[in-house]
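J.: Quick check, what structure comes out for this input:
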Amino acid sequence: MEELLVKEIMTRGVVTCNPEMTLTEVARLLSDADVSAVVVVDQQGRLQGVVSQFDLLEYFGKGLDAVTAGEIMTTPVVSVLPDDTVKCAADEMRKRRVHRLVVADEEKTRVLGVVSATDVIRTMRGLGV
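T.: Residues are numbered from 1 along each chain as shown. Okay, the predicted model is just below:
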């Protein structure tokens, strides 16, 4: 069986925010889009970081308008290439103890998609592995 590639299972149309967005705005974006993380990009669309639901938990009950996505984003971004295998992505998630990987271009500047642990699990179920 040929190895499945990340580009075959990744989610396109990634939810993004800019580094200046307040955590109130990020929380609203996460909730409205029903996603667990947003990718932070600059004005030119270049990859900067990731803010997840868990990153926001630290600020529960604090002034969310006084903190920006750029201040709490996770960097460097853990990423994979679209032509990497799903097994490679799963191994990287396990090794780095993350739930998702940004799928980026070779220069790691442009966001092409996201592959999550859920995407990998669905693939495993469908393939019977």
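J.: Now do the contacts for the one residue sitting closest to the centre of the chain.
T.: The centre of the chain sits closest to Val102, judged by Cα atoms, centre = their mean, with a distance of 4.8 Å. By Cβ atoms under 8 Å, 6 or more residues apart in numbering, Val102 lies in contact with 14, 39, 47, 50, 77-80, 111, 113-114. C-beta: built from backbone N, CA, C; applies to glycine.
J.: If we only consider the residues you listed, which is nearest to Leu23?
T.: Looking at the contacts of Val102 and their distance to Leu23, the nearest is Val50, at 14.0 Å (Cβ to Cβ).
J.: State the helix or strand in which that closest one lies.
T.: Assigned by DSSP states H and E, Val50 belongs to strand 47-52.
J.: pull the CA atoms of that strand into PDB?
T.: C-alpha atoms of strand 47-52 as PDB (Å, rounded to 0.1, in the frame of the first residue of the first chain):
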ATOM      1  CA  LEU A  47       3.500  32.200   9.500                       C
ATOM      2  CA  GLN A  48       4.300  33.600  12.900                       C
ATOM      3  CA  GLY A  49       2.900  31.200  15.600                       C
ATOM      4  CA  VAL A  50      -0.100  29.300  16.900                       C
ATOM      5  CA  VAL A  51      -2.500  30.100  19.700                       C
ATOM      6  CA  SER A  52      -4.600  27.200  21.100                       C
END
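J.: I'd like to know which helix or strand in the chain has the lowest mean pLDDT.
T.: helix 117-127 (a mean of 85; mean pLDDT, DSSP states H and E).
J.: What are the contacting residues of that helix?
T.: Under Cβ under 8 Å, 6+ apart, the answer for helix 117-127 is 4, 9-11, 86, 89-90, 93, 99-100.
J.: same thing with stretch 15-22?
T.: Applying Cβ under 8 Å, 6+ apart, the set of residues contacting stretch 15-22 from outside is 25-26, 29-30, 33, 35, 38-43, 45, 48-49, 51, 64-70, 73, 111.
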